[in-house]
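1. This is a predicted model, with the sequence first.
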Amino acid sequence: MRKIYLVVAGILLTCATTFGQNNFIKNSRVTGNFQFDGQYYIPNEAIGADTVKEKVRANAFANINYTYEGFSAGFRYEFYKYPLIDFEKINYVGHGIPYYYASYNHQYFSITLGSFYEQFGNGLIYRSYENRNLGYDNATKGVRVIGKPYKGITLTGIWGTQRNLFEDQGQIRGGDLDLSFTEMFDKIGNSMFRAGVGASFISKYERDNSTEYHLPENVAAYAVRLNFGVQDFNLNAEWAGKVNDPSTQNSMIYKNGHALLINASYAMKGLGIYLTALRTDNMDFRTKRTAVSNNNLINFIPTLTREHTYALPSMYPYASQPLGQIGFQAQVNYQIPKKTKIGGKYGTDISINYSRIHGIKQHLVAEAIEAGNDMSGTDGYTSPFFGFGELYFQDFNIEISRKFTKSWKLALSYVFLTYNQSVIEGHTGEPEVQSHTVIADLTYKINNKHALRLELQHMYAKKEANEGSNANKGSWAYGQLEYSIAPHWFISVLDRWNYGNPDPKKRIHYYAVSGSFVYKTTKVSLTFGKQYEGILCVGGVCRTVPASYGLGMNIVTSF
Amino acid sequence: MKKIIILSLLTIFIFASCDKIEKPYRIEEDVVDIVDTPDFPELDLDHVIHRILIEEYTGHLCYNCPKGHEALNNIKSLMGDTVVLLAIHARSQSEPEDDNYTDCNIGYINDYRTEAGNNYAERFVSLGLPAAVFNRTEINGIYEQNAPESWAEIVNEIERTPADLAIQIIPVFNKKQDTVFIFVKTTLLNTMNANMNLCVLLSESGIVSPQKNNTPKIGTVPDICEYTHNHMLRENISPILGSALRISAAEESQLNVYALPVSSKWIISHCDIVAFVYNTDTQKVLQAEECSFYTPETNN
């Protein structure tokens, strides 16, 4: 911690010594933001909300950034010493300055010392990023050098340790080369074509202190990628590999890992088509072999599924399975032109999306079979490239939205989900959930300042007779009414009712009343109600959300 | 020329940063070569006790935890060596705290959390502390039991079926290497067609340091400055999730050997070795065993 203060003091001292120069003051800029999320907890046995001894818990953080011409520096102070119970459950507990940096940007190069977020390609082998809602932050702390020796050529090198919760752990180093032919060659740049390639490499170091296995101390992962475009068509593909990396997650197998991600899109006025395919095989990559959950992740395997924003379908999100998954997603967005018989005066938007993800087929290697189907200490399994295993997730959804008049707008949606709970949530033996959800989202703009929005949702899910704590809870109904007075006020009431729960005692109303006030760049929100115990996912990375009841306060401001 | 140098450096960098391990991947045999395998006493197959493993998730900042410790001590004194206790310090209430948080002279400065304990807590505990997990079996749909006053009743209600397997532990101290080699022999008493792992852990008793407390009859409130922590998980000896057992027929046995370098972090004569076998599909603990770490050699 002392080191952190020294660095911050150093930055401030540097600023102070030059403070006398007028030019310096004129070109200096300090920016930042602050966020506070607090909650007063009321125990509620019916929903499983426990007693919180302190009654009040809160998360708070602030970013302060300073820039002067090409130089920038900053830090983030986080106070999660007595955090919201969501964060306590994932051990995101602590306080201090875990993120601080100083950086210099030049036309041909850039150097960052301290903490930074970076991603190589699609992140299949390396992505350091943060998501405050998830309580996820794996910032790399060390040094990053980016070179741009010629237009279209970018070389990135990183070396450092990784943030895990409030500690710095592991050692990672690597590099990335990105070549954009579109920028490098005017002939391509001026044509209908776009093209580029890239390659990246990452290696982690972890001591071998095992008495049972010969463990690799340096584990490498590598990736190559390609971008290609012709007019409205785009193709992006990346293939990644990883050498032997036995870990708790992969049951201590020595098999190499692989991942392939392909994105294709076609977009023109009124029509967009998106296709994505992904296959991963033993690509869980962490700085610590024993890490589980979202801890110590080096890479990011994206999910192919749509992230639903409506409350009921978002109860069953897909969590990416780096150890083995194969699937695809297709989406078509089409706008029926305005001022036509079907499209109406303002046009009608239709979006159809389908995604399907399976596990990969696995054939155990001979040694594993001889050991009674125990893969540890062996090469594990072989897997045919197009071998589809059990179904993990399926989502078909269609959304039609239309503005009828200047005042009225309606969006209708239908979502069909198949959710393999035992794989996605790791609850072995729990039944598959199949749900059908219909949603109506109606907005009435009273005038330029006042608007009302009504959201009605119904999810039909087959009842399962089981006693599991996270089992399928049957059907749900949801209603929400929002009233906004632009630009300052926003009020909402909602109720999520688990009327179809097989256990009559658990047919609970999860209601909430909330209000927000916005002034310039500051927003203050208050919410009172019940939080349903569930799972929250962002980009396929998930955490559980415990049940809670009480009054929440949120303050966000930036300057 | 410059490009060739850069490319060569990159190639060296890439290959130097990657270890390819060749078969065999396991090193158990190497350990056995260092010390002689001890002779295990013959098992009296009719008198193998089916022991219950109670994992207590606790923390020195947890005010209710002394109540939990007391409940388990009572269980232990009633049921003797038919139960195996393990106190696992995990989660935020086990974090070290600064000195001004207490009147105790030394404060809550010790960090008793372990990688294994954090891993287990992640898998079995989602509510508050104290929490006890009995044989890693779900009771009313949940692993953890949070009311210490109900623990004695829970233990009483656990059906004592005849043991399906036996675990024998012999630690052998190797002075030259300053290492204890732990030999664990697992013998099946019945045919078992299950995927099983053997977990071997180090626990320590008699650790004196502060503990939060809100039960006056147990000690001072809110801090017991010289609290004695017992059965505390100190380190995993086997891999955290255990070593796979590759036996299935009755009377078949498997020997696992582990090496544990002696550390100044714990007092070896206060330590126990806790071993248990669990079904990797259901998590259920099938048998547990405990053995004092003390040997005449380790005391020298």
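-> That came through, no problem.
2. Could you count how many residues lie near residue 151?
-> Since no chain was named, I'll use chain A. A:K151 is flanked by 12 other residues according to other CB atoms under 10 Å in any protein chain shown. Glycine gets a C-beta too; all of them are placed from N, C-alpha and C.
3. could you do chain B instead?
-> By the criterion of other CB under 10 Å, B:W151 has 21 neighbours.
4. leaving aside the residues next to it on the chain, what's closest to it?
-> Closest residue to B:W151 apart from its sequence neighbours, by CB to CB, 6 or more residues apart in numbering or on different chains: B:A71 at 4.9 Å.
5. element containing that neighbour, please.
-> Using DSSP states H and E, B:A71 sits within helix B:65-79.
6. contact partners of that helix?
-> Residues outside helix B:65-79 that contact it (CB atoms under 8 Å, 6 or more residues apart in numbering or on different chains): B:52, B:54, B:56, B:58-59, B:83, B:85, B:87, B:93, B:129-130, B:132, B:148-149, B:151-152, B:155, B:211-213, B:215, B:218-219, B:224, B:227, B:230-231.
7. 6 Å - rerun?
-> For helix B:65-79, the surrounding residues in contact (CB atoms under 6 Å, 6 or more residues apart in numbering or on different chains) are B:56, B:58, B:85, B:130, B:148, B:151-152, B:155, B:213, B:215, B:218.
8. Go through it and flag the buried ones.
-> Of the residues in helix B:65-79, B:65-69, B:71-72, B:75-76 count as buried by neighbour count, 16 or more other CB atoms under 10 Å in any protein chain shown.
9. These into a markdown table, with extra columns for distance to B:P171?
-> Listed next are the buried residues of helix B:65-79 as a markdown table, based on distance: CB to CB, whole Å:
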| residue | distance to B:P171 |
| --- | --- |
| B:C65 | 30 |
| B:P66 | 31 |
| B:K67 | 33 |
| B:G68 | 29 |
| B:H69 | 26 |
| B:A71 | 30 |
| B:L72 | 25 |
| B:I75 | 26 |
| B:K76 | 22 |
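10. Go through the residues you listed and name the one nearest chain A.
-> B:C65 (12.7 Å; CB to the nearest CB).
11. If you average the pLDDT over stretch A:82-97, what comes out?
-> Stretch A:82-97 carries an average pLDDT of 91.
12. so where do the strands sit in the stretch 201-300 of chain B?
-> Assigned by DSSP state E, counting those that start in this stretch, the stretch 201-300 of chain B shows strands spanning B:207-212, B:223-229, B:232-236, B:243-245, B:253-261, B:271-279, B:285-292.
13. Compute the inter-axis angle for the fifth one and strand B:271-279.
-> With axes from the mean of the first three to the mean of the last three CA atoms, to 10 degrees as the criterion, the two stretches strand B:253-261 and strand B:271-279 enclose an angle of 140 degrees.
14. Just checking: what are the partner strands of strand B:253-261?
-> Strand pairing for strand B:253-261, determined by DSSP bridges: strand B:179-188 (antiparallel).
15. Pull the host helix or strand of A:R543 out as PDB, backbone CA atoms only.
-> Following DSSP H and E, the helix or strand that holds A:R543 is strand A:541-545. In PDB, the C-alpha atoms belonging to strand A:541-545 read as follows (Å, rounded to 0.1, in the frame of the first residue of the first chain):
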ATOM      1  CA  VAL A 541     -19.400 -13.700 -17.100                       C
ATOM      2  CA  CYS A 542     -21.800 -14.200 -14.200                       C
ATOM      3  CA  ARG A 543     -22.300 -13.900 -10.500                       C
ATOM      4  CA  THR A 544     -25.100 -14.900  -8.200                       C
ATOM      5  CA  VAL A 545     -27.300 -12.100  -6.800                       C
END
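16. does any part of stretch A:193-205 sit near chain B?
-> Yes. Shown here: stretch A:193-205 in contact with chain B (CB under 6 Å from any CB of the partner chain) through A:201, A:203.
17. Now that stretch: buried residues?
-> Buried residues in stretch A:193-205, defined by neighbour count with 16+ other CB under 10 Å: A:194-196, A:198, A:200-204.
18. same thing with stretch B:238-255?
-> B:238-245, B:247, B:254.
19. What is the end-to-end distance of it?
-> End-to-end distance for stretch B:238-255, by CA to CA, to the nearest Å: 13 Å.
20. Just give me how far it sits from the chain centre.
-> Here stretch B:238-255 is found 17 Å from its chain centre; the criterion is CA atoms, centre = their mean, to the nearest Å.
21. can you list the residues that contact it?
-> Applying CB under 6 Å, 6+ apart, the contact partners of stretch B:238-255 are A:248, A:290, A:371-372, A:374, A:376, B:116, B:119, B:185-188, B:190-193, B:196-200, B:256, B:258.
22. Buried among those? Need that as a selection in PyMOL.
-> Buried subset of the contacts of stretch B:238-255, written as a PyMOL selection, criterion 16+ other CB under 10 Å:
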select buried, (chain A and resi 248+290+371+374+376) or (chain B and resi 116+119+185+186+187+188+192+196+197+198+199+200+256+258)
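23. can you tell me which of the contacts of stretch B:238-255 are in helices?
-> Counting by DSSP state H, the part of these found in helices is B:116, B:119.
24. quick one: low-confidence parts of the stretch 101-250 of chain B?
-> By pLDDT under 70, the low-scoring segments of the stretch 101-250 of chain B are B:101.
25. and among the strands of the stretch 201-300 of chain B, the most buried is which?
-> Of these, the one with the most neighbours on average (mean count of other CB atoms under 10 Å in any protein chain shown) is strand B:243-245, at a mean of 25.
26. on that earlier part again, as JSON lines, the buried residues of stretch B:238-255 with distance to A:I64 would be great.
-> Formatted as JSON lines, these follow (distance: CB to CB, whole Å):
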{"residue": "B:S238", "distance to A:I64": "47"}
{"residue": "B:P239", "distance to A:I64": "43"}
{"residue": "B:I240", "distance to A:I64": "39"}
{"residue": "B:L241", "distance to A:I64": "42"}
{"residue": "B:G242", "distance to A:I64": "47"}
{"residue": "B:S243", "distance to A:I64": "50"}
{"residue": "B:A244", "distance to A:I64": "51"}
{"residue": "B:L245", "distance to A:I64": "55"}
{"residue": "B:I247", "distance to A:I64": "60"}
{"residue": "B:Q254", "distance to A:I64": "58"}
